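Participant: Everything below, folded, please.
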Amino acid sequence: MATTVVQMTTEQLQALIESVRLAATSSASSAAPATVHSKGSFTNCTTRFGGQRDHDAVEEFITSIVTYKEIESISAEDALKGLSLLFYGMASTWWQGVRKEAKTWADAISLIREHFSPTKPAYQIYLEIFEEKQSDQTAIDTFVCQKRALLAQLPDNRHDEETELDFVYGLLNIKYRKAILRQDIKSFRELLENGRIIEHNNLESEEVHAGPVRGAKNTKRCTHCNFRGHTFEECRKRKSARGNDN
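Facilitator: Here you go, the predicted structure:
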């Protein structure tokens, strides 16, 4: 049987390949289900703000909603529209009065900070930093965290970590400064690690010393009723018997 040979030019071959590719793409598109992209909003966001004038509370609120906006892919326009859902109390009343001033999402964030957490002058922040030293009851993690939060409020990253360490170290309780030499620590991480070791050792030492005292108390025996836990002078049974005799 004779074989028929079909000859095609390069242009004809390319046109044939392109037509086959388009047909395959069209078939795949018609078979695939349509993807529906949901419109992100703050409807399911659980973060709320009531208008407290507290720097930490304000920053926590802003960080939370900014993160939620990014995770849910909420547009800046939709975020601005839905911001009122996150306010209650005084904050809700305040927003009704200033919302026209917020033309963008960035404007809204700035307004929240300006009204509820205005920037403190540097001298006031320094006063708060050095106002209080570490007490015996305050854990080193808590104390360092509080002081670093204040240092972070200083404008323009005013001090490097070495200088900030000098500030905080001088405010530490003497029990830490006795055990940790300033020249031996180069970062807050090292300071905290050493401080936790000191706290653990002090706690263990207190438990060791407290053990025998608690044991001695439990071994007291009353010579009147022969029960443990109190002495002859403390015995209620003896006192009651004496009262009846009178």
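
Participant: Could you find the closest non-adjacent residue to S135?
Facilitator: The shortest distance from S135 to any residue other than its chain neighbours is 7.0 Å, reached at N173 (Cβ to Cβ, 6 or more residues apart in numbering). Bear in mind the C-beta positions are built from the backbone N, C-alpha and C, glycine included.

Participant: In this structure, where is pLDDT below threshold?
Facilitator: For the chain, applying pLDDT under 70 flags the ranges 1-17, 20-39, 210-228, 232, 238, 241-246.

Participant: any idea how far the most centrally placed residue in it is from D54?
Facilitator: Within the chain, the residue whose C-alpha comes closest to the C-alpha centroid is E60; the distance, by Cα atoms, centre = their mean, is 7.5 Å. Separation of E60 from D54 (Cβ to Cβ, to the nearest Å) stands at 9 Å.

Participant: same question, Q153
Facilitator: Separation of Q153 from D54 (Cβ to Cβ): 12 Å.

Participant: Report all helices and strands that the lengthiest helix in the chain contacts.
Facilitator: Scanning the chain for the longest helix, with DSSP state H as the assignment, gives helix 188-218. Packing partners of helix 188-218 (3 or more Cβ pairs under 8 Å, 6 or more residues apart in numbering; DSSP states H and E): helix 140-151, helix 161-171, helix 174-179.

Participant: mind putting the ones you listed in TSV, distance to Y68 and mean neighbour count included?
Facilitator: Formatted as TSV, the entries for those read as follows, by distance: least, Cβ to Cβ, whole Å; neighbours: other Cβ atoms under 10 Å:
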stretch	distance to Y68	mean neighbour count
helix 140-151	22	17
helix 161-171	31	15
helix 174-179	39	13
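
Participant: What backbone torsions are found at F87?
Facilitator: As for F87, its main-chain torsions (degrees, to the nearest 10) stand at phi -100, psi 150.

Participant: repeat for I180
Facilitator: Backbone geometry at I180, expressed as degrees, to the nearest 10, gives phi -120, psi 120.

Participant: Let me know whether it touches R196 as I believe.
Facilitator: No: taking contact to mean Cβ atoms under 8 Å, the distance of 11.2 Å between I180 and R196 leaves them out of contact.
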